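Student: Pasting a predicted model and its sequence here:
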Amino acid sequence: MRVVAMLPTYNEAGTIRQCVEQILRLPLETAVVIADDASPDGTGQIADQLAAEYPGRVVVVHRKGPRGRGLAGIEGFQRCLELPAEYIVEMDADLQHNPEDIPRLVAAAERSGAAIVVGSRYVPGGGEVNRPASRRLVSRLANAYLRLALGLSLRDCSSGFRLFRREALAGLDLATMSARGPWILQEVLWRAKQRGYRMVEIPICFLERAAGESKLNVGILLRSLVTPWLLRRSSAFGGRA
Ligand SMILES: Nc1nc2c(ncn2[C@@H]2O[C@H](COP(=O)(O)OP(=O)(O)O)[C@@H](O)[C@H]2O)c(=O)[nH]1
Ligand SMILES: [Mg+2]
């Protein structure tokens, strides 16, 4: 098995099957780990059906306890590391990240030797389809800010489409991460930077949501913006950011 895709899911019943099947049909040895937070729309049951249809290639983590993109991501990653995969790819289950881009992420990792390959909307060739100009602007501004606050040279610090080399992901020490929500995306970059990991970006097109609803809101955005400072402070006081 070469690549395991980690899909955090909350209410993605409209897209999960197509997303998983597209990943399994890629011309690579692939598997999928779904980390579902007891979605009320039945995503978890569809995931179980997929696991039964594709034995050994689909693993479902039914999370209990507090819900969260960050918490689910950590548990999903830990499950991925129990599988013999060379690369782990995290991505949305709503088809906003195109499964067909996965081979390009893998190729970029092999070409560059980087620890992490980020699918980026903000490098030449990348972009977003049919997003209202206001949301694009907010995302761009937030990213320019995050890049400075985290001290990174990445253009897309809030992309949820990323490939990790197995050893790099294991080296992040997931069990000690603190983010419960989507700001986990920033915590992972911060840690990767502290570990001296090389990160590269390749262009991706962020597609329109095919079904379901975004869980992003102003609270999450603000929390993401303060995250770099909390991580810096915790590092300065000897905490394990
Ligand atoms: N398990 C889990 N997944 C979540 C949660 N919130 C969001 N997700 C998933 O994380 C991915 C990204 O979330 P999404 O709402 O699409 O964010 P957006 O693309 O920025 O609008 C999707 O696959 C969601 O289903 C959560 O609380 N728990
Ligand atoms: Mg999405």
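Tutor: Structure's in. What do you need? Ligands and ions are numbered 1, 2, ... in the order given.
Student: What is the neighbour count of V188?
Tutor: A count of neighbours around V188, defined by other CB atoms under 10 Å, yields 23. In short, each C-beta sits where N, CA and C put it, glycine included.
Student: Show the contacting residues for it.
Tutor: For V188, the contacting residues are R162, L172, M177, taking CB atoms under 8 Å, 6 or more residues apart in numbering as the criterion.
Student: Most neighbours out of those, which is it?
Tutor: When neighbours are counted as other CB under 10 Å, the busiest of the contacts of V188 turns out to be R162, with 25 neighbours.
Student: Let me see the contact set for that one.
Tutor: When contacts are counted by CB under 8 Å, 6+ apart, R162 is found next to V89, E90, M91, L105, I116, V117, V118, G119, V188.
Student: State the pair within those residues that is farthest apart.
Tutor: Farthest-apart pair in those is L105 and V188; separation 15.6 Å (CB to CB).
Student: For this structure, which residues are neighbours of ligand 2?
Tutor: If contact is defined as CB under 5 Å from the ion, the residues of the chain in contact with ligand 2 are D92, D94, Q96.
Student: at 8 Å instead, please
Tutor: Listed as neighbours of ligand 2 in the chain under the rule CB under 8 Å from the ion: D92, D94, Q96, H97, G160, R209, S214, K215, L216.
Student: Please settle this for me: is A72 part of a strand?
Tutor: No. Following the definition DSSP: H, G, I helix; E, B strand; the rest coil, A72 is helix and is not counted among the residues of a strand.
Student: so what's L26 closest to, chain neighbours aside?
Tutor: I102 (5.9 Å; CB to CB, 6 or more residues apart in numbering).
Student: ok, the one you found to T227 distance?
Tutor: When distance is defined by CB to CB, to the nearest Å, I102 is 27 Å away from T227.
Student: now swap in V60 and tell me
Tutor: Distance check for V60 against T227: by CB to CB, it reads 29 Å.
Student: who has more neighbours, these two?
Tutor: Neighbour comparison, V60 and T227: the larger count goes to T227, with 25 against 22 (by other CB under 10 Å).
Student: surely the more buried one meets W183?
Tutor: Yes. Between T227 and W183 there is a contact under CB atoms under 8 Å: 4.4 Å.
Student: Mind checking what secondary structure P8 has?
Tutor: Three-state assignment for P8 (three-state DSSP): strand.
Student: Name the nearest residue to it, sequence neighbours excluded.
Tutor: In space, P8 is closest to A72, 4.2 Å off (CB to CB, 6+ apart).
Student: got a pLDDT number for that neighbour?
Tutor: We note a pLDDT of 98 for A72 in this prediction.
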